[in-house]
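# here is the input, now give the coordinates:
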Amino acid sequence: MFKRLLPLIILAVGVLVFIALKATRPEPAEVTATERSWRVEVQAITPGSQVPVLPLYGEVLAPDQQTITATLAGRVAERPVSEGMSVKQGDLLLALDEADIAPALAQARAQVDDLDAQISSEQVRYRNDQAALKSEQAIVANARRQFERIESLVGRNLASRENLEAATDALARAELTVSTRQRAIQEHPARLQSLEAKLAQARANLAATERDVDRARVVAPFDGVVTGIEVAVGDQVSRNEPLLTVYPTRGLEVRARVPQVFQNELITALGQGQTLTAISDNGHQFVLARFAGLSDPAGTEAVLELQGEPGGLRPGALLPLTLDRPAREQAVEVPFSALYGADSVYLMTDDGRMQRIKVERIGEARSENGERRLLIAGEQLTPGARLITTHLPNAVTGLKVELADADGEPAQ
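Just a heads-up that it's a prediction; the model follows:
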């Protein structure tokens, strides 16, 4: 009998255990749907006066570089300088052989002396002609009286026709001599003027030769650096042949192409007397002086003058610069990660939502630690507003966000 009831007893016990376990189980927690939020960093907006910068890349030039040429033909006797050597004003750069330049100077002086002698001779000749003219006029008067006397005698048959013809010839010869002498006296001013003109030309040639002789010994016109040496000691050079070049250590410039979009702004600032400076990566400081006279579709070259010592700068080097543009009011400096597209950023609302706004992109700025930053401006960038600087790929107006900082304060 017990064996028949054992299965039923086991089944009943199992049912009772199940009921007891079900009755004593813990109640599951109630699940409610919650909105996900994204952790972001923000920056408190403080609009103010900011200086945007413009990265440039230009070439170093020496506008006052001089090319020294040979003023006379000759042999190079001295050249104490070498390529890249620094020189002081008045230092000897190059000298031609004295034996080659002395004959040219002697010839020029001889021409002047010769013309001085010719003018003196012409003055003596003029005085002699004047004195001779008086004697020759007296001879003409005597010949005319002789002719008139013989003519009178012939009329009275007291002299022959041959005597009259001889007297006529004598009078004609005397008159011809006087005429020639008068013409010589009348031509004196013209001859003297011609000789004086030739003398002036010879003196000008002498002055030019003396100048060229002085320049045959070339000295540094300023403190500078020698470059472009074309000759060595012993070389034979011709007139106007390039010898070497030298550029001043001060007065270096950088020419950098400025995009057209910034050109009017910079030209206007220059016209208002503003000083716009630029700094190179190696610390050299430049000042924007002017713009080139010609332009092209890519932009216009800006001319920036070096301030202070050139240091290691050399003409022909390519130099990156950062030019300060005119200051902008009510501008905000932000990281590039805050920008969405070309002209949008997001603000964090009081209820922790993202709000997209349009802004004006002014340009770049440099922070105190040298980091590149972005300058923007806009009517909705009010003081105290919180700008989201974390770039979210799913950013959209209304997206819930929360501060990533542990203390809950906006990043500055």
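# give me the below-cutoff pLDDT ranges for the stretch 301-412 of the chain.
For the stretch 301-412 of the chain, the stretches with pLDDT under 70 are 405-412.
# how about a cut-off of 50?
Scanning the stretch 301-412 of the chain for pLDDT under 50 picks out 406-412.
# likewise the chain?
406-412.
# redo that, cut-off 70
The chain contains residues with pLDDT under 70 at 1-6, 8, 13, 17-18, 22, 25, 27-33, 158-159, 405-412.
# isn't residue 305 right next to residue 275, touching?
No - contact criterion Cβ atoms under 8 Å: residue 305 and residue 275 do not qualify, at 11.2 Å. C-beta: built from backbone N, CA, C; applies to glycine.
# common neighbours of those two, please.
The contact sets of residue 305 and residue 275 overlap at residue 287 (Cβ atoms under 8 Å, 6 or more residues apart in numbering).
# the two: who's more crowded?
residue 305 (17 against 9; other Cβ atoms under 10 Å).
# wait, a helix at that one?
No - counting by DSSP: H, G, I helix; E, B strand; the rest coil, residue 305 is located in no helix; its state is strand.
# ok, it - contacts?
Taking Cβ under 8 Å, 6+ apart, one finds 251-253, 286-287, 289 in contact with residue 305.
# and residue 346, by the same measure?
338, 340, 354-357, 387-388, 395, 397.
# so which of the residues you listed wins on neighbours?
residue 388 (26 neighbours).
# looking at this protein, which helix is longest?
helix 98-155 (DSSP state H).
# following that helix, which helix or strand comes up?
Next in sequence after helix 98-155, counting helices and strands by DSSP states H and E, comes helix 161-186.
# the closest residue to residue 362 other than its chain neighbours: which element?
Nearest non-adjacent residue to residue 362, counting by Cβ to Cβ, 6 or more residues apart in numbering: residue 375, 4.1 Å away. If you go by DSSP H and E, residue 375 is part of strand 372-377.
# in its sheet, what does the longest strand along the chain sit against?
In the chain, with assignment by DSSP state E, the single longest strand is strand 285-296. Neighbouring strands of strand 285-296 in its sheet, by DSSP bridges, are strand 277-280 (antiparallel), strand 299-307 (antiparallel).
# between those strands, which gets nearest to residue 265?
Shortest distance between residue 265 and the strands paired with strand 285-296, using Cβ to Cβ, is found for strand 299-307: 11.9 Å.
# after the closest one, next one along is what?
strand 318-324.
# and the angle from that following strand to strand 299-307?
Going by axes from the mean of the first three to the mean of the last three Cα atoms, to 10 degrees, strand 318-324 is angled at 90 degrees with respect to strand 299-307.
# after strand 318-324, next one along is what?
Past strand 318-324, the next helix or strand by DSSP H and E is strand 328-334.
# sorry, back to before: how about a markdown table for the strands paired with strand 285-296, with distance to residue 217 added?
Converted to a markdown table, the strands paired with strand 285-296 look like this (distance: least, Cβ to Cβ, whole Å):
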| stretch | distance to residue 217 |
| --- | --- |
| strand 277-280 | 39 |
| strand 299-307 | 31 |
